[in-house]
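Chemist: This is the structure alone, sequence omitted:
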């Protein structure tokens, strides 16, 4: 494998090789957990009977996961939700997080502690200078049965802070867009931003926040209209996420909205990529010198992203080439042996911090783009 | 390949994101456009007042003179557009290549835009009914009757979400500059050519660059213009028009459902008006809202339909550079196939006859585009669904309807040409609120007199006539 980034070629090569070994070992352990009668969940134990191979014997490496059929997220629609709870976790409190659901039955994923673990790992990537420990947080994103809302709250608590939240129903937002009720959409956005401005100007010592790009834009605008700014109300660290997170948007955000690089503006903003199935992928630090390129790296070995060819989803594209994003989730709570994400992007090389493949230029998969409502809140 | 960059109040912005503009027939990229998101638009719109202030620095008569110069440059000069020098021929080739419109139609739309701009002084005089334009600049003044009149600008800039495939509509935003109102334009993804070239011509003619914003992008950019500009115009479907109905901030332009009504007094001589009907249906490949989609008469409708079909039915696809080309391509083939499905539904209704059936296949599918060849259908009653249809190709329904029912059955009609000498019908048409532009006599629906308002008077849209009273200040006792 050819690798680039900090450190010498040989060092990154060695790190990548070690990471692959860890992934293979982790894969083996995870598959055994999910397909053993005493630890697996009813869904996968039933599925095992439909497979033309024995996962317990025939999966010996990460590449062997390609023996599984692609994970269909339709399997997540409808219950009983308990069929996804591994027997090995019996008796533990279970969360359910939903995705979609504007009309019809939403997709549900059960979680026990995965969202905590993912965000604790993510926490390690945040610079304390801009995300000070003990500082309070604002969660400017969807509320309701969403993983993100509880995950951000846990992140704040993990960093000794308290998280303030707003009420935001993304399903209503999607309905407003579909109905073409743009004035209502604008008013609802204002309603959400008003809540955020109230929190930020109420003396709660909020320094860190999560926001989607659109809400961050609106918040910044609302604060400026009041004669203040994100910096003036005390924000120093922002993490953001969403498919509309492009290099151009990042450039706009850093250069115009925040007022320059972290050294100039005092605000550090980092993009993330994730979903209810996988968790959270971090970005390689973004810089103007690198054209604000955003390259995401999954939290391997708990989750893996691949960029695969459009005509063969088992075939990884070459570095720098374009393909569809394929996700794997390999935790002891949830097993996804290859899910075709609704996004496409370019395959990125490993580097010192993340010695495994990443994906850049993430955007809606071109064959589905017209049917996808992105950036709704 | 030409690259077009967003323009932020006169300053070129080099975006990191680009969309390709592709050739309608080959799918090959012919240009790339840098795009911006709604955040940049919203941020710029907070400085929109500076666009108007820059224009207010230039007297109106000078702006009109600059407009005349810009009209000439637009139509005849080689101009800086994006990162290239663009000749007139380049413009025509590029516009034809991305929109699928035959080149001679691109030239005629170019001439139309130039003509309107070159006569802006007369147009504004008519639209303001002779108002001294300094009253619009200053906000108030005396018209000479000893009464103060006031027109207050309702917006510093006019926003416009421009269409992809109709290069003729740009005449509608052109008056803004002379009215000292800036422009925030979202060019259509397949037809960025006219706004870019026109803005370049304006700037070359001396109009302050800071009056212009060009914001190519997705719905997000368009949405931000509509949300932030106190006045904007949008071009779209009937659904788009309905969505903005009653919103005083938005002037929505959509299908026209333009019609020709033949009075009982002249209908027996219908052949005299055949050329008027054919031009109204076929011009500009039937793409415009001012193209005729319905011809209504009480009798001879089968013969009228057959005669029009005889003239336009044989029209076939020709290369875009062919001076005889009459048909524009559907650059999104699915639009043609979707339209054809709707037409097939229309034809399935009893009482509806395809009068062009003997002229061969209508839907012509190519690898990257599609065409629909002209169609004339006969409807034996206004009750037929096809009587109120309009499609984006030369398509007309000839509808049999008693004269005394016509005006209450025609429905919304952007241009209504009523061919008659019957005073009762003329009076009725003059009073009919379903007709926007009324032509009495044999005027093709596509021939507009630009000295008259189009879908509302832009002066009324951009300015508000309000009271303004002035009393002399008493002299202070201490002085």
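Modeler: That came in fine, so what should we check first? Computed from a predicted model, the values in this text were never measured in an experiment. Residues are numbered from 1 along each chain as shown, chains lettered A, B, ... in the order given.

Chemist: Three-state assignment for residue A:337, please.
Modeler: Here residue A:337 is strand, with the state taken from DSSP: H, G, I helix; E, B strand; the rest coil.

Chemist: contacting residues around it?
Modeler: Contact partners of residue A:337, counting by C-beta atoms under 8 Å, 6 or more residues apart in numbering or on different chains, are A:65, A:68, A:71, A:328. Using the backbone N, CA and C atoms, a C-beta is placed for each residue, glycine as well.

Chemist: ok, those vs residue B:369, which is closest?
Modeler: Of all these, residue A:71 has the smallest distance to residue B:369: 38.3 Å, by C-beta to C-beta.

Chemist: what about residue A:216, helix or strand, and which?
Modeler: helix A:213-225 (DSSP states H and E).

Chemist: for that helix, the distance to its chain's centre please.
Modeler: Offset of helix A:213-225 from its chain centre (C-alpha atoms, centre = their mean, to the nearest Å): 22 Å.

Chemist: and it, anywhere near chain B?
Modeler: Yes - for helix A:213-225, a contact with chain B is found by C-beta under 8 Å from any C-beta of the partner chain, at A:213, A:214, A:217, A:221, A:224.

Chemist: Just list what that helix packs against, helices and strands only.
Modeler: strand A:136-140, helix A:182-200, strand A:237-241, helix B:38-45 (3 or more C-beta pairs under 8 Å, 6 or more residues apart in numbering or on different chains; DSSP states H and E).

Chemist: In TSV, list the ones you listed along with distance to residue B:263.
Modeler: Shown next, in TSV, are these (distance: least, C-beta to C-beta, whole Å):
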stretch	distance to residue B:263
strand A:136-140	64
helix A:182-200	43
strand A:237-241	65
helix B:38-45	50
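
Chemist: The residue in the stretch 301-450 of chain B that chain A sits nearest to: neighbouring residues, count only.
Modeler: Here the stretch 301-450 of chain B gets closest to chain A at one residue, residue B:334, 10.1 Å apart by C-beta to the nearest C-beta. Neighbour count for residue B:334, taken as other C-beta atoms under 10 Å in any protein chain shown: 9.

Chemist: State the pLDDT value of the residue lying closest to residue A:166 once chain neighbours are set aside.
Modeler: Excluding the flanking residues, the one nearest residue A:166 by C-beta to C-beta, 6 or more residues apart in numbering or on different chains is residue A:195, at 4.0 Å. Per-residue confidence at residue A:195 stands at 97 (pLDDT).

Chemist: Tally up the residues packed near residue A:195, please.
Modeler: 17.

Chemist: Next one: it from residue A:168, what distance?
Modeler: Relative to residue A:168, residue A:195 is positioned 8 Å away (C-beta to C-beta, to the nearest Å).

Chemist: Repeat that for residue A:118.
Modeler: From residue A:118 to residue A:168 the distance is 21 Å (C-beta to C-beta).

Chemist: thinking residue B:186 is in contact with residue B:218, fair?
Modeler: No - if you go by C-beta atoms under 8 Å, residue B:186 and residue B:218 don't touch, sitting 9.4 Å apart.

Chemist: And the two? Which one has more around it.
Modeler: residue B:186 (29 against 18).

Chemist: Okay, that one and chain A: tell me how far apart.
Modeler: 15 Å (C-beta to the nearest C-beta, to the nearest Å).

Chemist: Return the set of residues that bridge with that residue.
Modeler: Counting by DSSP bridges, residue B:186 forms beta bridges with residue B:161.

Chemist: residues contacting it?
Modeler: Contacts of residue B:186 (C-beta under 8 Å, 6+ apart): B:159, B:160, B:161, B:162, B:215, B:216, B:217, B:221, B:222, B:225.

Chemist: could the residues of helix A:213-225 next to chain B be laid out in a markdown table, adding neighbour count?
Modeler: Formatted as a markdown table, these follow (neighbours: other C-beta atoms under 10 Å in any protein chain shown):
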| residue | neighbour count |
| --- | --- |
| A:213 | 25 |
| A:214 | 22 |
| A:217 | 25 |
| A:221 | 18 |
| A:224 | 15 |
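
Chemist: Can you tell me which of these is nearest chain B?
Modeler: Once C-beta to the nearest C-beta is applied, the member of those that ends up nearest chain B is residue A:217, at 4.2 Å.

Chemist: Helix, strand, or coil at residue 234?
Modeler: Going with chain A. Residue A:234 ends up coil, using three-state DSSP.

Chemist: um, chain B though
Modeler: Put simply, residue B:234 is strand when judged by three-state DSSP.

Chemist: Bridged to it, which residues?
Modeler: residue B:161, residue B:252.

Chemist: was I right about it contacting residue B:250?
Modeler: Yes - taking C-beta under 8 Å as the definition, residue B:234 is a contact partner of residue B:250 at 6.3 Å.

Chemist: okay, and the common contacts of these two?
Modeler: B:226, B:244.

Chemist: The residue of chain A most remote from its centre and chain B, how far apart?
Modeler: Distance from the C-alpha centroid of chain A, by C-alpha atoms, centre = their mean, peaks at residue A:227 (33.3 Å). The gap separating residue A:227 from chain B is 13 Å, by C-beta to the nearest C-beta.

Chemist: Distance from stretch A:104-116 to the middle of the chain?
Modeler: The answer for stretch A:104-116 is 13 Å, by C-alpha atoms, centre = their mean.

Chemist: Between the two ends of that stretch, how far is it?
Modeler: Counting by C-alpha to C-alpha, to the nearest Å, you get 29 Å between the two ends of stretch A:104-116.

Chemist: ok, now stretch B:426-442?
Modeler: Note: stretch B:426-442 ends 13 Å apart using C-alpha to C-alpha.

Chemist: Can you name the residues that contact the nearest residue to residue A:24 once chain neighbours are set aside?
Modeler: Using C-beta to C-beta, 6+ apart and skipping the chain neighbours, the partner closest in space to residue A:24 is residue A:61 (4.5 Å). By C-beta under 8 Å, 6+ apart, the contact list for residue A:61 reads A:24, A:27, A:28.
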